[in-house]
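Chemist: Using only what follows, build the 3D model:
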Amino acid sequence: MSSLEVLNLAHNDLNGFIPSSLTKLTFISKFDVSYNNLTGDIPTGGQFSTFTSESFMGNAALCLRRDGPCFGQVTFEGTENNGTDTISTMPAMTYITAEAGFAFGLLTICNTLFFARAWRAAYFLAVDRFFDMLYVIIMVKVNKLRRKWEDKEHT
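Modeler: Residues are numbered from 1 along each chain as shown. From the prediction side, this is the model:
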């Protein structure tokens, strides 16, 4: 396999990363893995520096930067990794920002309800009224359905 010249794996629904061992294929002149579900960095070295970006297009999570690693690189623990095979994920700052925003909003609401007695009373009164209104609406609908069914049984 070391004398392989063409490797076309386009449109094959492949998952995972491109193995760095493919850089050892010295005779490969055409390489195409476009339109799959590949992730991580494109291996560097060997013939890979000669392939155009069209060979890799259609892989949303594949890092197309060749001058350095992509932002937010994560490797699987427990697997043998020499630092070249990584999986590109959504940047970690996005998760941290979303979690911090959610926590801040939740704590703001809880603290307001805990420390402001008038707001707490108003909140629980509004919730109570909402459930009372919901109960009335459901009971009206149920009674209308009962009348329909009774009318159908008598006819």
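Chemist: and Ala121, how many residues sit next to it?
Modeler: When neighbours are counted by other C-beta atoms under 10 Å, Ala121 registers 11. Any C-beta I mention is one placed from the backbone N, CA and C, and that applies to glycine too.
Chemist: what helix or strand is it on?
Modeler: Taking DSSP states H and E as the criterion, Ala121 maps to helix 117-154.
Chemist: Let me see the mean pLDDT of that helix.
Modeler: Averaging pLDDT along helix 117-154 yields 94.
Chemist: how does this protein divide into domains?
Modeler: 6-89, 93-154 (automatic domain parsing).
Chemist: now the helices: where do they sit in the protein?
Modeler: For the chain, applying DSSP state H gives helices covering 92-115, 117-154.
Chemist: In the longest one, which residues are buried?
Modeler: Put plainly, it is helix 117-154. Judged by neighbour count using 16 or more other C-beta atoms under 10 Å, helix 117-154 contains no buried positions.
Chemist: For it, name the packing helices and strands.
Modeler: Packing partners of helix 117-154 (3 or more C-beta pairs under 8 Å, 6 or more residues apart in numbering; DSSP states H and E): helix 92-115.
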